[in-house]
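>>> Here is my input; please provide its structure:
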Amino acid sequence: MNPRIPVGSTDRPLTAERLASAVDRLTTFPDRQRGCVLLLLLGHDRILRAPVLIEDVDETTDPLTVTETFERLARVVRDCDGSVVFVRGRSGTSAVTAQDQSWGQCMRHTFGELLYACFIATLESVVELPARSAAAS
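Take a look at the predicted model:
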C-alpha cells in the first residue's frame, strides 16, 4: 500500500468529515510548494481507489490545459459509477484566489456530478473550495 494513503482510506468510505484529513495526508508539503493537482478516484461506495498526482503545476498553469485529459478520465469514472475529489496544491496563503476559483469552475464543468469535492492545499492548511464563486451568487 502507498504509505501516503491514510490508514482506513481503502476500506472505509471517505465521508465529508474525513476528506480534508485525507487530502492533507496525500498532498505533501513539497508537492504543495512546487504546485500540483491531485485527483482522488473514489468507487461507488466512496472508498479511495487511486490517487492521481500531477506534479509541478505552477501558479501560471491554465486549468484548460488539462481539460481534455480530465474529460477522458471522467468517462472512465462514470463507467465505474465512481466519483472524484479535486485538490489544487500550491504555495502561498490559504485564502482562495481567482486562479483557485478558475480551477474549481473548470473541474466542476469537466466532472459535473462526478465531482465529490474540491480543495486547495497550501502550506498553511487545506480548505474546501466553495461550491460557487461569490461572483456567481
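>>> can you list contacts of whichever strand or helix holds Phe119?
Phe119 belongs to strand 115-121 when assigned by DSSP states H and E. With contacts defined as C-beta atoms under 8 Å, 6 or more residues apart in numbering, strand 115-121 is touched by 16, 19-20, 23-24, 27, 32, 38, 42, 46, 83-90, 94, 96, 100, 103-104, 107-108, 126-129. C-beta here means a position set from N, CA and C on the backbone, and glycine is covered the same way.
>>> Flag every buried residue along that strand.
For strand 115-121, burial by neighbour count (16 or more other C-beta atoms under 10 Å) applies to Leu115, Tyr116, Ala117, Cys118, Phe119, Ile120, Ala121.
>>> Show the model's pLDDT score for the fourth one.
Looking back up the chat, that one is Cys118. On the pLDDT scale, Cys118 is placed at 96.
>>> So for the helix or strand that comes right after the strand holding Phe119, mean pLDDT?
Proceeding N to C from strand 115-121, the next assigned helix or strand is strand 126-128, under DSSP H and E. The pLDDT scores in strand 126-128 average 95.
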